[in-house]
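# Got a sequence here, can you build the structure:
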Amino acid sequence: MIPQRCIKLLPFFEWCEATSIGAAIRNSQWLFPVIESFHLLALALIGGAVLLVDLRLLGLGLRSRSVAELAREAEPWLTGGLSVMIASGALLFTSESIKCYYSPAFWVKMSALLPALVFTFTLRRKVASCGEGAIRSVWRILTAVVSLALWTVVGTSGRWIGFSG
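Numbers count the residues shown, from 1 in each chain. Next up, the predicted model:
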């Protein structure tokens, strides 16, 4: 099911799939798997960085480290993983844009990705950078739960794209 607001995007998706980059990836025996490997490794980096900080926000694991310190150290891994994931995702998208257009999993992923990015780099960053007693624990827990939920939807729907249609 394609969201109503995205119906007019089909020509863009057709154009993406018709690009020489999309054709080269689609017609190569090894390009797609290599790019997807980088995409999945980046997902693991993002997942690890998010999970470390969110579990600490929940009061679980690495209690000897402050949330702010852990978030500061995890951020380069998060941003590096995101950079690789976005670049590799764009390449993968060009090779199967039409499949993505008709995939509910793709639309779920894209619908969760922007809120996950905005939430991570605004509210979650602010909560994680505050001192231990500066924010009530209920807000820290809520922030971690929302973050984990958003990134779980992004990751699982992304994997669902590969197994659907």
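# For residue 103, grab phi and psi.
Backbone torsions of residue 103, given as degrees, to the nearest 10, read phi -100, psi 120.
# Burial check on it, number of neighbours?
Under the neighbour criterion other Cβ atoms under 10 Å, residue 103 is assigned a count of 20. No exception for glycine: its C-beta is placed from N, CA and C like everyone else's.
# Assess the claim that it and residue 163 are in contact.
No - applying Cβ atoms under 8 Å as the test, residue 103 and residue 163 come out as separate, 10.1 Å apart.
# and the gap between the residue of the chain positioned farthest from its centre and residue 52?
Distance from the C-alpha centroid of the chain, by Cα atoms, centre = their mean, peaks at residue 133 (29.8 Å). Computed as Cβ to Cβ, to the nearest Å, the residue 133 to residue 52 distance reads 21 Å.
# before we move on, back to that, distance-wise, check the residue farthest from the centre of the chain relative to residue 69.
15 Å.
# cool, and residue 7?
Counting by Cβ to Cβ, the gap from residue 7 to residue 69 is 47 Å.
# ditto for residue 21
Applying Cβ to Cβ, the value for residue 21 to residue 69 is 41 Å.
# Do I have it right that residue 70 meets residue 56?
Yes - assessed by Cβ under 8 Å, residue 70 is found in contact with residue 56 at 5.2 Å.
# And the next helix or strand past whichever strand or helix holds residue 90?
Secondary structure assignment for residue 90, by DSSP states H and E: helix 67-95. Using DSSP H and E, the helix or strand that follows helix 67-95 in sequence is helix 97-101.
# What is the next helix or strand after that following helix packed up against?
Using DSSP H and E, the helix or strand that follows helix 97-101 towards the C-terminus is helix 104-119. Judged by 3 or more Cβ pairs under 8 Å, 6 or more residues apart in numbering; DSSP states H and E, helix 104-119 is in contact with helix 137-163.
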